[in-house]
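Enquirer: Just a sequence and a predicted model for now, questions to come.
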Amino acid sequence: MNAVICKKATGIFVYALLLSAALFADTFTFKADHMSGSRAAGREMLVLTGNAEVHSDTMLLRAERIEIQGKDNEFIDCSGNVWGLEEEKNIIFQTDRLRYDRSQKIARLEGNSTLEDRQNEVVAKGRFIEYNDKNEIAVIQVAVRLFKENIVARSEYAVYRRDKKMLDLSGFPVVFKKSDEFRAERIRVDLDTEDVSMQGTVQGSIKSEE
């Protein structure tokens, strides 16, 4: 059973949920200017609006509106100027809407979305991003752009394997490496060595250094 600690300070509600269930060993806290709750068909939901913030384990989320759902508060829906931080890996999220599954540690971003991996100096943008914190894999879809030092990549679909520093691109991919350009059906980029490998119909241009 969840224990709830409530405190009101300067018109702001601050709540802390200490979860004793084995599924969640972390301390789950949230705050906002306004809070409302509802229960329908055995489903409980808390709605936070105005400077809403949720802190769970290593994930910090802020938005104009946050909904907390599920038996063990495992689902968090954020909308409106969403900003998030995965504190251990120093990954920042910015998006129109974010849904976070606390049990699976999966964040799904929708709308104009950005994932900034500050440890690896990688910035990925797209219309949909799914980041799995357990296996450190991000799937980016639609109008994909990725930036890292000398690399700029574009495609319609990409898989960023953070632990291996590998990027797989498909859907009209193009990679710019300094003044060089690479196009193919599929492109893989080693973001550590900046090596580029291509499959399918290949084309590109390489400018020699003077």
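Expert: Sure thing, it's come through.
Enquirer: quick one: secondary structure of Thr201?
Expert: Three-state assignment for Thr201 (DSSP: H, G, I helix; E, B strand; the rest coil): coil.
Enquirer: Show the backbone phi and psi for Ile206.
Expert: phi -130, psi 130 (degrees, to the nearest 10).
Enquirer: Could you measure from it over to Lys125?
Expert: Applying CB to CB, to the nearest Å, the value for Ile206 to Lys125 is 26 Å. Placement of C-beta: from N, CA and C, glycine included.
Enquirer: ok, the two, which is more surrounded?
Expert: Taking other CB atoms under 10 Å, Ile206 and Lys125 do not tie; Lys125 has more neighbours (18 against 10).
Enquirer: so what's the more buried one closest to, chain neighbours aside?
Expert: Nearest residue to Lys125, sequence neighbours excluded (CB to CB, 6 or more residues apart in numbering): Arg145, at 4.6 Å.
Enquirer: count of neighbours near Asp163?
Expert: With other CB under 10 Å as criterion, Asp163 counts 10.
Enquirer: Sketch out the low-pLDDT regions of this protein for me.
Expert: Low-confidence segments of the chain, defined by pLDDT under 70, are located at 1-27, 38-43, 208-210.
Enquirer: let's see 80
Expert: Within the chain, the stretches with pLDDT under 80 are 1-28, 38-44, 71-72, 204-210.
Enquirer: can you point me to the longest strand in it?
Expert: strand 43-56 (DSSP state E).
Enquirer: Strand partners (parallel or antiparallel) of that one?
Expert: Using DSSP bridges, the strands paired with strand 43-56 are strand 27-32 (antiparallel), strand 34-40 (antiparallel), strand 59-69 (antiparallel).
Enquirer: Pull out the buried positions in stretch 125-142.
Expert: 125-133, 137-141 (16 or more other CB atoms under 10 Å).
Enquirer: whoops, stretch 195-207 was the one
Expert: For stretch 195-207, by 16+ other CB under 10 Å, it's 196, 198, 204.
Enquirer: residue contacts, the last one?
Expert: Under the criterion of CB atoms under 8 Å, 6 or more residues apart in numbering, the contact partners of Gly204 comprise 180-183, 198.
Enquirer: Quickly list what it is bridged to.
Expert: Phe182.
Enquirer: repeat for Glu86
Expert: In beta-bridge terms (that is, DSSP bridges), Glu86 pairs with Met59, Ile91.
Enquirer: how near is it to Ser179?
Expert: On the measure of CB to CB, Glu86 and Ser179 end up 34 Å apart.
Enquirer: likewise Gly204?
Expert: 11 Å.
Enquirer: Any of the contacts of Gly204 buried? List them.
Expert: Applying 16+ other CB under 10 Å to those flags 182-183, 198 as buried.
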